[in-house]
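**Q** need a structure here:
(chains A and B)
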2 protein chains.
Amino acid sequence: MKIADLDTPALLIDLDLVEANIQRWQTYCDTHAIRNRPHVKTHKLPTLAWKQVRAGAAGVTCQKLGEAEAMAAAGISDILLPYNIVGPHKLERLQQLHRCCSLSVSADSETVLQGLSTAMRAESHPLPVLIECDTGMRRCGVQTPEEAFQLARITAHLPGLRFAGLLTYPTGPTTAAFFDATVTLCRSTGLDVATLSGGGTPQMWSAHQAAGITEHRAGTYIYHDRMTVAAGAATIDDCALSLLTTVVSRPAPDRAVIDGGSKTFSSDSFGLDGYGAILNYPQATLVRLSEEHGVVDTSALSRAPRIGEQLRIVPNHACVVSNLHNQAYAVRGDTVEAIWPIASRGAVQ
Amino acid sequence: MKIADLDTPALLIDLDLVEANIQRWQTYCDTHAIRNRPHVKTHKLPTLAWKQVRAGAAGVTCQKLGEAEAMAAAGISDILLPYNIVGPHKLERLQQLHRCCSLSVSADSETVLQGLSTAMRAESHPLPVLIECDTGMRRCGVQTPEEAFQLARITAHLPGLRFAGLLTYPTGPTTAAFFDATVTLCRSTGLDVATLSGGGTPQMWSAHQAAGITEHRAGTYIYHDRMTVAAGAATIDDCALSLLTTVVSRPAPDRAVIDGGSKTFSSDSFGLDGYGAILNYPQATLVRLSEEHGVVDTSALSRAPRIGEQLRIVPNHACVVSNLHNQAYAVRGDTVEAIWPIASRGAVQ
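**A** This is a model prediction of the structure:
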């Protein structure tokens, strides 16, 4: 099957670019002796997780239990879930997952640690826990090295748990100092800090500059998107994920309408100009989305696309786009090589 | 099962409010002799489409073929698909759908009409087509009454098609004049304009003021959301759709983090303050979303929610939220009455 034969909107993954992106980042990690633990929230595809692991990744990162369950079911054996697991439903699922793969999690409060310990105390081996540190994101994470140290101590003493290190997202200018201060406190009481885990694709190429980081979690790098291009982490030619759409209306000379909207691209804008980069009409702009329509400003084009013509568009944010589609088409050149169902989308966390 | 027993994030539908919203709007349509053709893109649930039809709706509106196929499969017999159907894959599916229900579509160009005619010319009965008019939205639709008239004439002469009327979205200040001018042109050549179809929830209660409108397509009214509340079409107490989430982190005194982000709520903001109305903490604001985290500003609260506590949140935009979830929980009071799989999400159009 050829790309031109696909019905639209269709999610395309360019395998040549995916493989180049995986290899380039793995080489960087190897060069700088940083453990590579790619984040699968971006693709939600076991087959791509395996490509990452086969290329040298130490394991994967998942953002919710449903993703971790899908990866474990596909045989991925080393999974980090950097999320506070709370409540009886999720703790029971975590227990089951812990029995079938090498699982680790993060926590940022004693409440979360107590829940994990209660769930894990009767297990045959302890659950490794990293303490999440807020080094600038203002989302989850303890606020000070002293708090991190206190939680590390609590973790080390709680049955069923093992203190495994520190974690933050994203790696930022203050990360190294925060981690360093916490490590000093831990070592003063003989507590070993095995892993210092940072993350993020926009800042991936400077991961080695954050002194002491042992592991990096990048997600978007496998595809790249307009956001990571804007951040300077890639060029538009590296972007492996695109949406194939069809022009369904040319109501005015300066306007074309495509069959993809916010339910296809998401509304994530990141302050960028429009909602996608139209690869075959780079001078046109996807200026507006409603749910199933995208409005393209064609005023800068000498020849506007006709009704029925396909437009191939790199989205602003690859991770949320994967989550909107039931399946993806893996392509090389103009040939469709495989159709992959996307795992764990829409599932409870 | 009680709501408190659900794992999160969970999509909740309050059935008492849904039934009240359906009835209130049906009564309005009956009072003003407007045909009610609710848009199912909001809920994607055949069982709710049936509630709307049983309450008096003439049929339903779908925004993509996949939705129409799901509704026809559930026995809904009168379906309008106000979309330009383009390309061989979709025209074949349209043909099949036309054979199993009373189907109508819209078109805004001769190219689209020719495609429809080619697909339908051998069928036993013609496909009704409404001409889509742009009366202010600047999305699809012909730009002038003269263009609409020309396409109406072409439709009336094309084999396999029947000219059924005019359609616009949303009904706006210039809709009545646009439709009126087109009807005058059509009637001057003996062409009957059976249906004048308007749409939109924000403006639904003034649908009768657009002279001549025979039908209205509203979607969000079945649930309402922060956007339709902001537009004055409902109050927050009418909002039937909500997200049940759990607090997973309290990293700072003024901040709580919940287990729902842009993959749960979408990033649709509509210029509103935050991403949802927290029903059980109305003074708190859902200020920021990442993919699986929501950051809540709790600084205005005298008592902030604790880790493990559930927050119930009305989203900004119900339609895109439905599209993000595999299933919805139908509730009355605090009891879960049913679990409904959401149809045709993520499918090709």
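**Q** Model confidence score at A:Ala343, please.
**A** Predicted confidence (pLDDT) for A:Ala343: 88.
**Q** residues touching it, list them.
**A** A:Lys44, A:Leu45, A:Pro46, A:Glu67, A:Ala70, A:Met71, A:Ala74 (C-beta atoms under 8 Å, 6 or more residues apart in numbering or on different chains). Every residue, glycine included, has its C-beta placed from N, CA and C.
**Q** Now do the same contact list for the residue lying closest to the last one once chain neighbours are set aside.
**A** Right, A:Ala74. Leaving aside its chain neighbours, A:Ala74 sits nearest to A:Pro46 (3.3 Å; criterion: C-beta to C-beta, 6 or more residues apart in numbering or on different chains). Counting by C-beta under 8 Å, 6+ apart, A:Pro46 touches A:Ala70, A:Met71, A:Ala73, A:Ala74, A:Gly75, A:Ile76, A:Ala343.
**Q** does A:Gly308 really touch B:Pro88, like I thought?
**A** No. Counting by C-beta atoms under 8 Å, A:Gly308 stays clear of B:Pro88, with 9.8 Å between them.
**Q** for the closest residue to A:Thr298 other than its chain neighbours, helix, strand, or coil?
**A** The shortest distance from A:Thr298 to any non-neighbouring residue, by C-beta to C-beta, 6+ apart, is to A:Ala304 (4.0 Å). Classification of A:Ala304 using DSSP: H, G, I helix; E, B strand; the rest coil returns coil.
**Q** From A:Glu337, how far off is A:Thr47?
**A** 11 Å (C-beta to C-beta, to the nearest Å).
**Q** swap in A:Arg37?
**A** Counting by C-beta to C-beta - A:Arg37 and A:Glu337 are separated by 27 Å.
**Q** Which residue of the two possesses the greater neighbour count?
**A** A:Arg37 (26 against 13; other C-beta atoms under 10 Å in any protein chain shown).
**Q** From what I see, that one and A:His216 are in contact.
**A** Yes. In terms of C-beta under 8 Å, A:Arg37 counts as a neighbour of A:His216; the distance is 7.1 Å.
**Q** what sits in contact with each of the two?
**A** A:Ser197.
**Q** Which residues of the stretch 51-200 of chain A lie near chain B?
**A** A:63-64, A:83-84, A:86-87, A:89-90, A:108-109, A:111-112, A:115, A:134, A:138-143 (C-beta under 8 Å from any C-beta of the partner chain).
**Q** which of those residues are buried?
**A** A:63-64, A:83-84, A:86-87, A:89-90, A:108-109, A:111-112, A:115, A:134, A:139-143 (16 or more other C-beta atoms under 10 Å in any protein chain shown).
**Q** Helices - which of those residues land there?
**A** Secondary structure from DSSP state H places A:His89, A:Lys90, A:Thr111, A:Val112, A:Gly115 of these in helices.
**Q** A:Lys2 against A:Val331, yeah?
**A** No. Using C-beta under 8 Å, A:Lys2 is not in contact with A:Val331; the gap is 9.1 Å.
**Q** Those two: which is more packed in?
**A** The residue with more neighbours, out of A:Lys2 and A:Val331, is A:Val331; 24 against 10, by other C-beta under 10 Å.
**Q** now what about the lengthiest helix in chain A, what contacts it?
**A** Counting by DSSP H, the longest helix found in chain A is helix A:15-31. Helix A:15-31 is contacted from outside by A:34-36, A:38, A:48, A:51-52, A:55-57, A:204-205, A:207-208, A:216, A:218, A:221-224, A:234, A:238-240, A:330-333, A:337, using C-beta under 8 Å, 6+ apart.
**Q** Give me the buried subset of the residues you listed.
**A** For the contacts of helix A:15-31, buried by 16+ other C-beta under 10 Å: A:34-36, A:38, A:48, A:51-52, A:55, A:57, A:204-205, A:207, A:216, A:218, A:221-224, A:234, A:238-240, A:330-331.
**Q** Which ones among these lie within helices?
**A** A:Leu48, A:Lys51, A:Gln52.
**Q** Would you format those residues as CSV with pLDDT and distance to B:Thr155 included?
**A** Output for those, formatted as CSV (pLDDT from 0 to 100; distance: C-beta to C-beta, whole Å):
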residue, pLDDT, distance to B:Thr155
A:Leu48, 98, 47
A:Lys51, 98, 51
A:Gln52, 98, 53
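**Q** Tell me the one of those nearest B:Leu289?
**A** A:Leu48 (24.8 Å; C-beta to C-beta).
**Q** my read: the closest one touches A:Tyr221, true?
**A** No. Between A:Leu48 and A:Tyr221 there is no contact under C-beta under 8 Å: 11.8 Å.
**Q** what about the most centrally placed residue in chain A, distance to A:His43?
**A** What sits nearest the mean C-alpha location of chain A, by C-alpha atoms, centre = their mean, is A:Gly219, with 3.3 Å. According to C-beta to C-beta, A:Gly219 and A:His43 sit 8 Å apart.
**Q** Likewise for A:Ala4?
**A** 24 Å.
**Q** give me the low-pLDDT residue ranges for chain A?
**A** A:347-348 (pLDDT under 70).
**Q** Among the contacts of A:Ala343, name the ones in helices.
**A** A:Pro46, A:Glu67, A:Ala70, A:Met71.
**Q** Tell me the one of those residues nearest chain B?
**A** Ranked by distance to chain B (C-beta to the nearest C-beta), those are led by A:Glu67 at 9.2 Å.
**Q** Surely the closest one and A:Ser344 touch.
**A** Yes. Counting by C-beta under 8 Å, A:Glu67 does reach A:Ser344; the two are 4.8 Å apart.
**Q** for the nearest residue to A:Ile342 once chain neighbours are set aside, what are its contacts?
**A** Excluding the flanking residues, the one nearest A:Ile342 by C-beta to C-beta, 6+ apart is A:Lys44, at 4.9 Å. If you count contacts by C-beta under 8 Å, 6+ apart, A:Lys44 has them with A:Glu67, A:Ala70, A:Ser322, A:Asn323, A:Ile342, A:Ala343, A:Ser344, A:Arg345.
**Q** Give me the neighbour count for the last one.
**A** The one in question is A:Arg345. Using other C-beta under 10 Å: A:Arg345 sits among 21 other residues.
**Q** Go ahead and confirm it touches B:Ile342.
**A** No. Contact criterion C-beta under 8 Å: A:Arg345 and B:Ile342 do not qualify, at 11.9 Å.
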